[in-house]
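Trainee: everything below, folded, please.
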Amino acid sequence: MKIPALRSELGGRTYYVATLTFQQVSDCVSKIDNELHKSESLKDLIQRSITNNYIKIKEYILNQDERFFNSLILAVYDDYPVWKEVELNYDDGSTYQVGLLDFPTQHKIFPVDGQHRVEGIKAALRENPELKDEKIAAIFIGHKNDDEGKQSTRRLFTTLNRYAKPVSFDDTIALDEDDTVAIITRELLEDHKLFQGKRIVYAKGKGIPNNNFDALTSIITLYQCNIELFKTWHFKTKKKKATPAVLSDYLKFRKSKEEIEAVKKYIFYFWDTFCKELNVIKTYLKKPEPFAKDLRNNENGGNLLFRPVGLLPFVKATCEIKAISESKFRLILSKFNEMDFQLSSTPWEKVLWEPATKTMIMNTATLTQMLLTYKFDSKLFTPAKLLKLKKDYAVKIDFDGKPSEVLKNI
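Mentor: Down below sits the predicted model:
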């Protein structure tokens, strides 16, 4: 195997930057065997680190025409390749960093970084041999299969994997061109009056900073709400639930323009109806800055809808009610409009709002959703679910009466 490459050095290592066809990856790159450890159990540990994630990479290769990857980092041993440099003259300078990397014998090559990509490429090639001429960038390093060499390569292996940073949730929402829900969330931010300017907040997490008195919610919470609305759209149009596999497909592989538009229309319709049917939102949209001053505060908590821990369960409850009752969003939201969402009122006090410390209570999303659904229509509950609601609510508010009476005043 002979491949054009660039030669350079970093941290005392000489390395070569080149490209390999998928066929060359399949034929020449092996799994890690005894290159990092002598111990069989430690070798097994390394191999078990190759999870089923390679299957997702295979699917990405097979389904994404605009596929692209980071470089593989490959270690070579049992005979270093021959470097044949070529003098390259340009302007008033020259370099010998360009050349040909020649593997004249049966070298052993294994991935120091990119194990899942290698296995994903091999799996994709087995299903579609026409991919054999696709090329991926590769960085070659030398490896000595002795104690010192193994230690050096293990250090590189852990460094590359320890400091690799996954794409953040924020970046996914802001940049992902394959994620259907991220695409629509961005369009809401650009085109919908409820989420423009200061009415939405960018924060590292779901929460809203204590000094923010303008935003309805955070970008991450909006995205999570839209995930729930997408699931409801899928059930309505496809007549089946959006399983984790289906959801993953819509978030990783770009759908047709027509399908994205259909999901967008459905999600925009929900938020349009949200604005039309809820008086508190109509008032919020008419208020001058700070828009949400009386709706989110540290005195009585404000309104459930203006807290991320309240808005997401609200959207989930709305979707649950729609799925069970087949009611329209307009009718569901119109009935919700008649309810008291003040956090200092029953049943939200002690569930979402702690009056003694005047702070929000976290990790009660499921209970909040159940209470919303129950308040909408208790007949939507099965006996088992009703029993769970009673037990969970009684524990949360320290109820010491008869269990059958715990929901009496809500």
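
Trainee: does the closest residue in space to D179 that isn't next to it in sequence sit in a helix, a strand or a coil?
Mentor: In space, and not counting its chain neighbours, D179 is closest to L251: 4.6 Å by Cβ to Cβ, 6 or more residues apart in numbering. Every residue, glycine included, has its C-beta placed from N, CA and C. Following DSSP: H, G, I helix; E, B strand; the rest coil, L251 is assigned to helix.

Trainee: pLDDT weak spots in this protein?
Mentor: Low-confidence segments of the chain, defined by pLDDT under 70, are located at 32-51, 78-80, 106, 143-167.

Trainee: ok, now with 80
Mentor: Filtered on pLDDT under 80, the chain yields the residue ranges 31-53, 77-81, 91-96, 104-108, 142-172, 174-175, 203-205.

Trainee: grab the most central residue of it for me.
Mentor: When Cα atoms, centre = their mean is applied to the chain, the residue found nearest the centroid is F169 (5.5 Å).

Trainee: which residues touch the residue nearest to D179?
Mentor: D176, D178, D179, T180, V181, A182 (Cβ atoms under 8 Å, 6 or more residues apart in numbering).

Trainee: check which helix or strand the residue lying closest to the first one once chain neighbours are set aside maps to.
Mentor: Nearest residue to D176, sequence neighbours excluded (Cβ to Cβ, 6+ apart): A182, at 4.4 Å. Here A182 is covered by helix 180-191, with elements defined by DSSP states H and E.

Trainee: report the distance from that helix to the chain centre.
Mentor: Offset of helix 180-191 from its chain centre (Cα atoms, centre = their mean, to the nearest Å): 15 Å.

Trainee: and if you look at stretch 203-223?
Mentor: 18 Å.

Trainee: mind listing what's buried in that stretch?
Mentor: For stretch 203-223, a neighbour-count test (16 or more other Cβ atoms under 10 Å) marks 203, 206-208, 213-223 as buried.

Trainee: over to stretch 232-250?
Mentor: Here stretch 232-250 shows T232, W233, H234, A242, L247, Y250 as buried, counting by 16+ other Cβ under 10 Å.

Trainee: from those residues, pick the one nearest Y284.
Mentor: T232 (24.0 Å; Cβ to Cβ).

Trainee: that closest one: what's it in contact with?
Mentor: Taking Cβ under 8 Å, 6+ apart, we find T232 in contact with Y266, C319, K322, A323.

Trainee: in strands only, show me these.
Mentor: Nothing among those maps onto strands, per DSSP state E.

Trainee: so which of these wins on neighbours?
Mentor: Most neighbours among the contacts of T232, by other Cβ atoms under 10 Å: C319, with 22 neighbours.

Trainee: so how many other residues sit close to T346?
Mentor: T346: 13 neighbours (other Cβ under 10 Å).

Trainee: ok so, going back, got the contacts of L251 as CSV, with neighbour count columns?
Mentor: Listed next are these as CSV, based on neighbours: other Cβ atoms under 10 Å:
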residue, neighbour count
D176, 18
D178, 17
D179, 19
T180, 25
V181, 27
A182, 21
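
Trainee: can you pick out the most distant pair from these?
Mentor: Spatial extent of the contacts of L251 (Cβ to Cβ) is set by the pair D178 and V181 at 10.6 Å.

Trainee: tell me which stretches of the stretch 1-150 of the chain form strands.
Mentor: For the stretch 1-150 of the chain, applying DSSP state E, counting those that start in this stretch gives strands covering 2-10, 13-21, 72-77, 82-90, 93-102, 108-113, 135-142.

Trainee: would you list those in CSV and tack on distance to R307?
Mentor: Listed next are the strands of the stretch 1-150 of the chain as CSV, based on distance: least, Cβ to Cβ, whole Å:
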stretch, distance to R307
strand 2-10, 49
strand 13-21, 50
strand 72-77, 45
strand 82-90, 61
strand 93-102, 58
strand 108-113, 42
strand 135-142, 46
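
Trainee: can you list those strands in CSV and add distance to N337 and mean neighbour count?
Mentor: Shown next, in CSV, are those (distance: least, Cβ to Cβ, whole Å; neighbours: other Cβ atoms under 10 Å):
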stretch, distance to N337, mean neighbour count
strand 2-10, 63, 14
strand 13-21, 60, 17
strand 72-77, 56, 21
strand 82-90, 71, 11
strand 93-102, 69, 14
strand 108-113, 54, 20
strand 135-142, 55, 19
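
Trainee: if I look at the residue nearest to the centre of the chain, how far off is G12?
Mentor: 37 Å (Cβ to Cβ, to the nearest Å).

Trainee: what does P288 give?
Mentor: Distance of P288 to G12, given as Cβ to Cβ: 63 Å.

Trainee: next: A242.
Mentor: 51 Å.

Trainee: let me see the contact set for T21.
Mentor: For T21, counting by Cβ under 8 Å, 6+ apart, the contacting residues are K132, D133, E134, K135.

Trainee: closest one of the residues you listed to K408?
Mentor: For these, the residue nearest K408 by Cβ to Cβ is E134; the value is 66.1 Å.

Trainee: count of neighbours near that closest one?
Mentor: 18.

Trainee: contacts only, for it.
Mentor: Going by Cβ under 8 Å, 6+ apart, E134 touches T21, F22, R67.

Trainee: got the residues you listed as TSV, with distance to R296 columns?
Mentor: TSV is the format used below for the contacts of E134 (distance: Cβ to Cβ, whole Å):
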residue	distance to R296
T21	57
F22	53
R67	44
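
Trainee: ok, of the residues you listed, which one's closest to K198?
Mentor: Nearest member of those to K198, counting by Cβ to Cβ, is R67, at 38.6 Å.

Trainee: so that closest one sits right up against K58, yeah?
Mentor: No - using Cβ atoms under 8 Å, R67 is not in contact with K58; the gap is 11.0 Å.
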